[in-house]
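In: Provide a 3D model corresponding to the input given below.
(chains A and B)
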Amino acid sequence: MPGWQALNEEIAKFGATVVTVALDIDPALAKPWNDLANPNHPSLVDTLHITNSLFGFTNIPMAAWIDEDGNLVRPAEGASIERSPLRDMEIPEGLPEQLNKMMHAVKAIPDDGEAYREAILDWVQKGSTSAFALTPDEVIARSQPRSDNEARATACFELGEYFHRTGENETAVKWWKEAHRLHPQNLTYKRQAWTLVTTPAGATEYDLMQGPNEVYDSNLVDEVTGEGGFGQFIIRPRL
Amino acid sequence: MILTELRTTAEAFAHATDWYPKPEGLCRGEVCVPAPGALSSDGMIDVAVAAQKLGMPIVQDIEHGVWALGSATLSGKSLSTAVAADPELKTFDGTPFKLSSLRGKKVVLVAWSSY
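Out: Here you go, the predicted structure:
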C-alpha cells in the first residue's frame, strides 16, 4: 500500500489516480493495514470478490488500467511496482521446513516491478499514445480465459461467502473447495478460504502461512511449491 | 449473485452483473445480447433465460434453496468488452463508491488483500 500511495502522489499531477481495492471477506482484517497506510487515494473493499468476476483478478497484487472515459486500456495483470525487500533477504539456516520453503518461493517471484511502474508513468503522461495503452480488442484478447468451469467457480465462491456470512461454515467450505477445484489458478479464492480457517477468531492479522490444516487438502506453501512457484499463479504484464 | 428464486429485478441483476437491460437486449458497454423472454413487463428478469443468453452458469445449493449466478462466458475471456465494469464497492467506512465517479481521470485499479 505505501508504494501505491507514493505512486498516487506522483501521478496526480497528470490527472490520474490509484484506486486500491481489498479482496477481503472481512473488512475488519484489512482495515488495520489500510488505516496504517492512511491512503490519500480511494481505498475500497470488495467483500464478495466481485472484481474477480468483473475484472479478472485472480491473485494479488493485480491491476487494471481505466482511461478518462471509463474504458480499460490494460486488463487485469500482475502489478508489482517495487522490488520486495524479501527478495534480497538472506534466508537464515534452521528455519522450520514450511517457512523455509515459503522464503525460497517468495525470493523466486518474478520481478517486473520497475518496468511496470515505468509503464504506468508513461501511460499517465501520454494517454492513448503510450505504447502500453492497448486497444479495446487487445484488452479483451489479453484478458484471461474464462471457461464454463472458471465462471462456475465464481458462483461457487459466492455461495461460500454467503454461507460463511450466514454462519453455515461447513457448507461454505464445501463450496469454496468446489471453487478451488474448478479454478485452480485462482489464488485469491484459495488464500481467502485458507486464512479463514487458520486465523484464530479475534486475530488482528491473518496467518500468512495459511495452513496446512485439517479442513483443506492443500495450503499455500505446498500449493505454490507443488506448482513450481508463485510465478505459476502470476499473470505477468506483457510490456 | 445470490438468489432465492430465479427471478429478480432488472436493477438488482444489473447491480450484481453489470449487464443492463436495454431495448437492444442485455448490454454491457457496446456489447448487447438479444435476450427475448429475459425481461418481463413488470421489470423482472427471468434469471434462467438471461443466464443462458449470457453464458452464465447457475449453481444451486439444493439443501438450502439458494442459487448463485456465475460470470459471463460470452467471449471465452474474463472480459467481453473493454468498457470497465462499474460495481458498487465500499470504502472502509462503508460509504458506497463507484469507479464511474472518477470519470475524467485515469485510474490504476489495484487489487490487494490482507492475506
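In: So what would you say the end-to-end distance of stretch B:100-115 is?
Out: 28 Å (C-alpha to C-alpha, to the nearest Å).
In: I misspoke; the intended subject was stretch A:16-31.
Out: 24 Å.
In: could you give me the average pLDDT of that stretch?
Out: Averaging pLDDT along stretch A:16-31 gives 93.
In: Are it and chain B in contact anywhere?
Out: Yes. Using C-beta under 8 Å from any C-beta of the partner chain, stretch A:16-31 reaches chain B at A:16-24, A:27, A:29-31. For glycine as for every other residue, the C-beta is placed from the backbone atoms N, C-alpha and C.
In: Quick check: mean pLDDT of stretch A:186-197?
Out: The model assigns stretch A:186-197 a mean pLDDT of 91.
In: Can I get that stretch as CSV, trimmed to CA atoms?
Out: Output of stretch A:186-197 as CSV, limited to C-alpha atoms (Å, rounded to 0.1, in the frame of the first residue of the first chain):
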residue,chain,number,x,y,z
ASN,A,186,-7.3,-18.5,-8.8
LEU,A,187,-5.1,-18.0,-5.8
THR,A,188,-7.3,-15.4,-4.1
TYR,A,189,-10.1,-17.9,-3.8
LYS,A,190,-7.8,-20.3,-2.1
ARG,A,191,-5.9,-17.9,0.1
GLN,A,192,-9.1,-16.2,1.3
ALA,A,193,-10.6,-19.6,2.3
TRP,A,194,-7.5,-21.0,3.9
THR,A,195,-6.9,-17.9,6.1
LEU,A,196,-10.4,-18.1,7.4
VAL,A,197,-9.5,-21.5,8.9
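In: Mind listing what's buried along that stretch?
Out: A:Asn186, A:Leu187, A:Thr188, A:Tyr189, A:Lys190, A:Arg191, A:Gln192, A:Ala193, A:Trp194, A:Thr195, A:Leu196, A:Val197 (16 or more other C-beta atoms under 10 Å in any protein chain shown).
In: Next one: the residue nearest to B:Ala85 when sequence neighbours are not counted from A:Asn149, what distance?
Out: Closest residue in space to B:Ala85, ignoring its immediate chain neighbours: A:Leu54 at 3.7 Å, by C-beta to C-beta, 6 or more residues apart in numbering or on different chains. Separation of A:Leu54 from A:Asn149 (C-beta to C-beta, to the nearest Å): 18 Å.
In: Next one: the spatially most central residue of chain A, what pLDDT does it get?
Out: Geometric centre of chain A, nearest residue: A:Ile60, 1.4 Å, by C-alpha atoms, centre = their mean. pLDDT, A:Ile60: 94.
In: can you pull the contacts of it?
Out: A:Leu23, A:Leu187, A:Thr188, B:Ala111, B:Trp112, B:Ser113 (C-beta atoms under 8 Å, 6 or more residues apart in numbering or on different chains).
In: buried set for the helix or strand containing A:Asp35?
Out: According to DSSP states H and E, A:Asp35 maps onto helix A:27-37. Using 16+ other C-beta under 10 Å as the test for burial, helix A:27-37 gives A:Pro27, A:Leu29, A:Ala30, A:Lys31, A:Trp33, A:Asn34, A:Ala37.
In: Perfect, I'm done here.
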